[in-house]
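Enquirer: Sequence plus predicted model, see below.
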Amino acid sequence: MEAVPHPSYVTVLMTGSTKSDRLAGLYEQRDEVPQDPLMTKALGFEAYRRGEYARAVRYLTESGKDRPGDGELCFRLGMAYHQLGHRDEAVQWLRKATHLNLKDANVEEAGRVLGWRTPANAPTG
């Protein structure tokens, strides 16, 4: 039997003129949203965009359990840790992100944040 999405989830997805509007609606109803790694990732990105870095860490960590090879998720998680002043965690996640399929601009941003001159100078391990 196919799973039926939660009514609030469907309502929010069908309202709002933009992806951002729909995501904001889901974010507001986050406790009613089904547990889905991609949705949890999207909520983590929305929390980051709103400057709610601790919440972003929570959502992205949860989503990352099912998506360990997601470079974009690892990058945003590292940046959230950076914003919270948790350097060791930031380095760990940004280092992991640079070894995954990550956009060059994100690799460069990670390098700037952590003081790497080039991705080749990034910490290894």
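Expert: The structure has been received and is ready for your questions.
Enquirer: Roughly how far does residue 104 sit from residue 49?
Expert: Using CB to CB, to the nearest Å, one gets 21 Å for the distance from residue 104 to residue 49. Every C-beta, even on glycine, is put in place using the N, C-alpha and C of the backbone.
Enquirer: Which one's more surrounded, these two?
Expert: Using other CB atoms under 10 Å, the more surrounded residue of residue 104 and residue 49 is residue 49, with 14 against 8.
Enquirer: and the more buried one, what pLDDT?
Expert: According to the prediction, residue 49 has pLDDT 89.
Enquirer: Name the SS class of the residue lying closest to residue 37 once chain neighbours are set aside, please.
Expert: In this structure, residue 37 finds its nearest non-sequential neighbour in residue 66, 4.0 Å apart by CB to CB, 6 or more residues apart in numbering. Under DSSP: H, G, I helix; E, B strand; the rest coil, residue 66 falls in the coil class.
Enquirer: In contact with residue 41, which residues are there?
Expert: 59-60, 63, 67, 70, 73 (CB atoms under 8 Å, 6 or more residues apart in numbering).
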